[in-house]
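# need a structure here:
(2 chains)
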Amino acid sequence: MRIGSPKETYAADESLFRTRTQWVWFGILLLSLVLYPFMANLYWLYLVCLICINIISATGLNILTGYTGQVSLGQAAFMGVGAYTVAWLDNNASTPFIMNLLAAGAVTTVVGIIAGLPSLRVKGLYLAIATIAASFILQFIFINWESVTRGTRGINIEPPTLFGVEFDNPDTFYWLVVPVTVVMLILAANLFRTRVGRAFIAIRDRDISASVLGINLPLYKLMSFAIASFYAGIAGGFYAYFYGSINPESFPLLLSIFFLAAIIVGGLGTILGSILGAVFMTLTPELLRYGVDVLEPFVHDASALLSPVRTMVFGLLIVGFLLFEPHGLAEIWRRIRRFFHLWPFRN
Amino acid sequence: MSMRKRTSELFLGTASAALLALMTASTVLADQPDEAEVGVDADEEDAIVIGGSIPMTGVFAFAGLQFNDGIRDFVRWANEEKGGVNGRKFRYVGQDTGYDADQSVGVFRRITSREDVDFYFGDSTAFSQSINSALNRRDILMTGASFASELNNPEQYPLQFLLGPDYTEQVGILLNYIAEEDPGARVALVHSDTEFGRDPIRASEEMAEELGLEHVETIVTPAGASDISSAALELRRARPDYTIFHGYILSPIPDFIQRARQMGMDTRFMGTIYTMDQGIIDEMGDAGDGFMGVMPYRYYYDEEAPDTEVFGAIHEMHDEYRATTYTQGWLAGMLLMQIAQATLDAGDELTGTNMRKALDSLEDIDTGGIIGVPVTFRGNSIPVGRIYRADAEEGRMVPVSDWIDLDETD
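Okay, here's the model as predicted:
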């Protein structure tokens, strides 16, 4: 049981990790992330890489939707911009991959700011529609700007290399994507210790009051779009490198809905929610495959018969979590933590 | 404790427990590949393993379930009747992808991390492109559902081959037939604005001109568009003798045909492989009568089919019509069997590179009757097909041409 955690300074009150226990757990997490590749097979490494890419993008969307309250259905298209930037640079300029990734982030930021302009006039569902429009326009560009995107044929990307190491397989790619994800998550968490982050939250809670308090709404709304799309751009860049090939159909509207679902299931307006949501949305369908495997000996041709069931169970799980825990997985996590904080003195 | 709270805790508890259990199961199963056998037959160490990213759900499930059945039946037949290849039995491990390229890659990773896969079946062009470098690295030979012209490039895709003519070649076979039957005919192309739809168009426009046909119009319909009224008017203005659809399975083809008939147009409608299954033609209803197209395989009810090795076996297993996508699964197996045989005969191991070498060395491959003539690969494809016409009275597709080999017509 933990007995209080008094804070003596404002800095202590604002810090990300407030107790030594938290630091220890964070250390254990980092250590297990370092040890993981030595224990897991390629399939599980593949899943972790994919989860990381999704976490980066979901975190971006959570900053925009969860923290700033601007609903966006353009996240997948923004990822596409990042992916195509990487693909174009990879095929046309021999810049190192880190440059390409940063360029992907930068280009997507600019696109995100432009796509975010409607947020200055509309919000809520109207904004969601406006971002859908942006995503259709981007999709159109992916298909028709053939000199850059190679149109519907898709475009291949060479795996990134650093110091002679080729990051072409999940076991090597892991070392690239996981550290970047950790850094980006820490950056995102820190954002909400600053004026900028708090302005976002103020805008979400009541934009008029925020404005009265002296927050420049247009500036901060666009800044939120910029940050969200920067995250999407980096995630898209990784996506391009990870799969080695992209085409306009890689970034459908459905993927945007996937990210929106991830942050809602995970918990809007929490960094942990983005992580848990992305993990849940990526991992659950895969875990359900094992359910199919377990039934294989008993059911003739289980994979064909049970695959639709798997999809339905996944859908029902999402509905269930929304119904029974509207604050998302992050809230469940908090409840578990509270339980152990008070244990054994709570019934 | 309130009722709602109890339900909520019950759900959250059960769901989390189930997911945790699956996670534990997954780690246990992952370590013991033999315990988690998915698929059919042959547990032997030296089995030839066929992996598959199969779209058993999603928009392409109608084909995916058939691929799955086809490959599974092939494996059963090859193991029981043929005793495998040099005594090495086949084993098939296929899993659902929902026709999503990312999931397909996931399934590939999943299967290859648990099995020593020798041969793989992919479900889409996007997957074939994404997985290419992994295939080369792991040295696995692959085929699949895609007939994309892009993949018909042995330099870029050395370990992949197509189960028939690529889309450009399919339209090429149609154009050759038209040029033969009706020299100088006016031809229009109608395609969807997708990777699938755009694939053969540019090359086909050129080929039509080369064959002395008059290419009068190319009409693009947006992906998923249901309203084709303006496109149909455009088609009427072009007054083609032949209209070739590509990039659709069913919709909006019947709608097009009906409107064209209402407008009194006299044009023949044609399609490519995925439109040409009897099941799809049946779904067209009245519009399907007289629909023509290219099909590289024999149909289940082909008159000569019962005498062939493969259809003989299929007829024994199934009394009812089996889709052409089912046959496609068989063809993947038959080609693998021959390639594996040639590789083992040469004293090589079943690596992708060795199997590719064997594939290139094979000539006049007997497909067990699936394709009516012995075939040879050209690049990554088999440029052979036959023109069929839907006959509503007979309720089946009837051949209107002999087998057309583009290699011989060039």
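# tell me the first helix or strand C-terminal of the helix or strand containing residue A:60.
Applying DSSP states H and E as the criterion places residue A:60 in helix A:42-61. Next helix or strand after helix A:42-61 toward the C-terminus (DSSP H and E): helix A:75-92.
# what is the mean pLDDT for the next helix or strand after that next one?
Per DSSP H and E, the first helix or strand lying C-terminal to helix A:75-92 is helix A:97-116. Computed over helix A:97-116, the mean pLDDT rounds to 95.
# the helix or strand following helix A:97-116 near chain B anywhere?
Counting by DSSP H and E, the next helix or strand C-terminal to helix A:97-116 is helix A:125-144. Yes. Contact of helix A:125-144 with chain B (Cβ under 8 Å from any Cβ of the partner chain) involves residue A:143. Yep, even glycine has a C-beta here, placed from its N, CA and C like the rest.
# picking that back up, report the angle between the helix holding residue A:60 and helix A:75-92.
In terms of direction (axes from the mean of the first three to the mean of the last three Cα atoms, to 10 degrees), helix A:42-61 departs from helix A:75-92 by 120 degrees.
# which helices and strands does helix A:42-61 pack with?
With contacts taken as 3 or more Cβ pairs under 8 Å, 6 or more residues apart in numbering or on different chains; DSSP states H and E, helix A:42-61 sits against helix A:20-39, helix A:75-92, helix A:170-191, helix A:217-243, helix A:253-266, helix A:271-295, helix B:101-114.
# distance of residue A:116 from residue A:233?
14 Å (Cβ to Cβ, to the nearest Å).
# same question but for residue A:104, I mixed them up
Noted for residue A:104: a distance of 5 Å to residue A:233, by Cβ to Cβ.
# quick one: distance of stretch A:160-170 to the chain centre.
Chain-centre distance of stretch A:160-170: 23 Å, with Cα atoms, centre = their mean, to the nearest Å.
# buried set for that stretch?
The neighbour-count check on stretch A:160-170 (16 or more other Cβ atoms under 10 Å in any protein chain shown) flags A:160, A:167-170 as buried.
# excluding chain neighbours, what is closest to residue B:100?
residue B:58 (6.8 Å; Cβ to Cβ, 6 or more residues apart in numbering or on different chains).
# oops, could you answer that again for residue B:369 instead?
residue B:308 (2.2 Å).
# isn't the one you found up against residue B:368?
Yes. With contacts counted by Cβ atoms under 8 Å, residue B:308 reaches residue B:368, the gap being 6.2 Å.
# ok, residue B:99 to residue B:151 distance?
17 Å.
# one step back: ok, which of the buried residues of stretch A:160-170 also contact chain B?
Applying Cβ under 8 Å from any Cβ to those, those adjacent to chain B are A:168-170.
# any chance of the residues you listed in TSV, with pLDDT too?
Formatted as TSV, these follow (pLDDT from 0 to 100):
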residue	pLDDT
A:168	83
A:169	86
A:170	89
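# nearest to residue A:122, of the helices and strands packed on helix A:42-61?
Nearest to residue A:122 among the helices and strands packed on helix A:42-61 is helix A:217-243 (11.0 Å), distances taken as Cβ to Cβ.
# distance of residue A:279 relative to chain B?
11 Å (Cβ to the nearest Cβ, to the nearest Å).
# how many residues are close by that residue?
20 (other Cβ atoms under 10 Å in any protein chain shown).
# not counting its neighbours along the chain, what's nearest it?
Computed as Cβ to Cβ, 6+ apart, the closest residue to residue A:279 that is not its neighbour in sequence is residue A:51, at 5.6 Å.
# just residue B:298 next, same as before
Residue B:298's closest residue in space is residue B:305 (Cβ to Cβ, 6+ apart), at 5.4 Å.
# try residue A:251
residue A:80 is the one closest to residue A:251 (Cβ to Cβ, 6+ apart), at 3.6 Å.
# got a list of what that neighbour touches?
Counting by Cβ atoms under 8 Å, 6 or more residues apart in numbering or on different chains, residue A:80 makes contact with A:138-139, A:142, A:236, A:246, A:248, A:250-251.
# change it to 10 Å
Residue A:80 is in contact with A:74, A:108, A:111, A:135, A:138-139, A:141-142, A:149, A:232-233, A:236, A:239-240, A:246-248, A:250-252, A:255, counting by Cβ atoms under 10 Å, 6 or more residues apart in numbering or on different chains.
# any idea how far it lies from residue A:103?
15 Å.
# what do residue A:104 and residue A:233 both touch?
Common contacts of residue A:104 and residue A:233, defined by Cβ under 10 Å, 6+ apart, comprise A:79, A:81-83, A:85-86.
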